[in-house]
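>>> Next comes the sequence, and after it the predicted model I'd like to discuss.
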Protein chains: 2
Amino acid sequence: MKYCSRCGADLSYRIPEGDDRTRFICDNCKTVHYENPKMVVGCIPVLEESILFCRRAIEPRYGKWTLPAGFLEKGETVEAGAIRETSEEAGARVEGLKPFALYNLTFIGQVYLMFRGRMMDAQFLAGDESLEVKLFREDEVPWDDLAFPVIRETLRLYFADRARGLFSFHTGEIRPKADDHSIKPF
Amino acid sequence: MKYCSRCGADLSYRIPEGDDRTRFICDNCKTVHYENPKMVVGCIPVLEESILFCRRAIEPRYGKWTLPAGFLEKGETVEAGAIRETSEEAGARVEGLKPFALYNLTFIGQVYLMFRGRMMDAQFLAGDESLEVKLFREDEVPWDDLAFPVIRETLRLYFADRARGLFSFHTGEIRPKADDHSIKPF
């Protein structure tokens, strides 16, 4: 951030009066440009004993398996966002969404909210961002080819809850791995 | 948003190629400036049978009662944000935070995440944004002087869960009231 999006003047980066954090400030029109974490919403699409996965057609993690998820858009609810991503990336329709897990990814300024969702039928289709879309039973999950730690953790918790016959709402934090080059800070 | 925060050029507002939503786009440096909902994190600070409320010293809803809550900051977890707001607005320390309710406020581009938290002691103190801070038992809650519908809904659910002896995680949507002039769209 270099220029004021409101008046076009140069921005400074300092602590505003009465604040305790460094912010981008316009000394011309006095606007403080706050930076806030972004929400990513996603879904575990469930059909009987199986879960629907997408293989990524985009970087980072091209070719790796993931669950449908993406940035929440202005004007949509978190549930609507998760349904939209499932439709866009996996061509599948889900209903009965239940919040399943919330993760802090502070190192990239993101909060992930994953839902469980019931697939309305057995139809699915790879969207523009997916190479292929496929149903996996628990013993078929490609654990070594998952795209992100947040997806691994979501699946681990899902199968653990399913095994004990009780789903609860989980919260957690995902930290960067030293060797992880897939992480793009915002 | 009028100018590109990256290069200072004028922005257009149209649908980018391959997208399906109107965005602010810089035709000079090609940056797409996405607008995303913001997360507000807050807490129900609990001390025995009572809950700690703050009376607002700022607009909107100056003088009305609320629970500690505010925008999640970059680099902090949702739990840390709720603890920080409770400290800043109510001068109280909470621990053992449990996620309690998540609300969509699509009309102002916000997602509220409210926690339950145990007060570590009976100390509290009005911060800069509060006129006073006070413990209320259920029968003392100033229902007619609450600042926002999201606070009313959170309290309603809290007392209902407490009465049945079982707390769960709730999701909901808050819609604008026709006569509500306190709402500032972003």
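Now that the structure is in, tell me what you want to look at. Numbers count the residues shown, from 1 in each chain, chains lettered A, B, ... in the order given.

>>> before we move on, which element is the residue in chain A sticking out farthest from the centre in?
When distances are taken from the C-alpha mean of chain A, A:Asn28 lies farthest, 36.5 Å away, according to C-alpha atoms, centre = their mean. Using DSSP states H and E, A:Asn28 sits in no helix or strand.

>>> now the helices: where do they sit in chain A?
With DSSP state H, the ranges of helices along chain A come out as A:78-90, A:149-164.

>>> need the contact list for the residue farthest from the centre of chain A.
Residues in contact with A:Asn28 (C-beta atoms under 8 Å, 6 or more residues apart in numbering or on different chains) are A:4, A:7, A:9. (Glycine included, C-beta is placed from N, CA and C.)

>>> is the residue most central in space within chain A in a bridge, and if so with what?
Taking C-alpha atoms, centre = their mean, the centroid of chain A lies closest to A:Val40, which sits 3.5 Å from it. Under DSSP bridges, the beta-bridge partners of A:Val40 are A:Phe71, A:Tyr112.

>>> unless I'm mixing things up, it is touching A:Pro68, no?
No - using C-beta atoms under 8 Å, A:Val40 is not in contact with A:Pro68; the gap is 10.9 Å.

>>> what pLDDT does the spatially closest residue to A:Leu47 that is not a sequence neighbour get?
In this structure, A:Leu47 finds its nearest non-sequential neighbour in A:Met119, 4.2 Å apart by C-beta to C-beta, 6 or more residues apart in numbering or on different chains. The predicted structure scores A:Met119 at 98 on the pLDDT scale.

>>> burial measure for A:Met119, as a count.
For A:Met119, the neighbour count with other C-beta atoms under 10 Å in any protein chain shown is 23.

>>> swap in the one 5 residues further on?
One way to gauge burial is a neighbour count; for A:Phe124, by other C-beta under 10 Å, it gives 25.

>>> give me every residue that touches it.
A:Phe124 neighbours (C-beta under 8 Å, 6+ apart): A:45, A:52, A:90-92, A:133, A:135.

>>> Show me what the longest strand seen in chain A is packed up against.
Secondary structure of chain A read by DSSP state E shows that its longest strand is strand A:94-105. Judged by 3 or more C-beta pairs under 8 Å, 6 or more residues apart in numbering or on different chains; DSSP states H and E, the packing partners of strand A:94-105 are strand A:38-47, helix A:78-90, strand A:110-119, helix A:149-164, strand A:170-173, helix B:78-90.

>>> and for it, what are the contacting residues?
Contacts to strand A:94-105, defined as C-beta under 8 Å, 6+ apart, come from residues A:43-45, A:78-79, A:82-83, A:86, A:111-120, A:150, A:153-154, A:157-158, A:167, A:169-174, B:77-79, B:99, B:102, B:113, B:169, B:171.

>>> rewinding a little: any idea which of the helices of chain A is most buried?
helix A:78-90 (a mean of 23; mean count of other C-beta atoms under 10 Å in any protein chain shown).

>>> can you list the residues of chain A near chain B?
A:1-8, A:11, A:18, A:21, A:33-39, A:71-79, A:99, A:102, A:104, A:106, A:109, A:111, A:113, A:128, A:169, A:171, A:173 (C-beta under 8 Å from any C-beta of the partner chain).

>>> Pull out the buried residues from the residues you listed.
By neighbour count, with 16 or more other C-beta atoms under 10 Å in any protein chain shown, the residues of chain A next to chain B hold A:3-6, A:8, A:11, A:36-39, A:72-73, A:76-79, A:99, A:102, A:104, A:106, A:109, A:111, A:113, A:169, A:171 as buried.

>>> In stretch A:59-69, which residues are buried?
Buried residues in stretch A:59-69, counting neighbours by 16+ other C-beta under 10 Å, are found at A:61, A:64-69.

>>> Narrow the residues you listed to those in strands?
If you go by DSSP E, these have A:65-66, A:69 in strands.

>>> What residue spans form the domains of chain A?
Domains of chain A are assigned by automatic domain parsing as A:1-35, A:38-173.

>>> So, low pLDDT: which residues of chain A?
For chain A, the stretches with pLDDT under 70 are A:178-186.

>>> 80 - rerun?
Scanning chain A for pLDDT under 80 picks out A:177-186.

>>> got CSV for the helices and strands packed on strand A:94-105, with distance to B:Ala57 too?
Shown next, in CSV, are these (distance: least, C-beta to C-beta, whole Å):
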stretch, distance to B:Ala57
strand A:38-47, 29
helix A:78-90, 31
strand A:110-119, 29
helix A:149-164, 39
strand A:170-173, 31
helix B:78-90, 9
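
>>> I appreciate the help and will end here.
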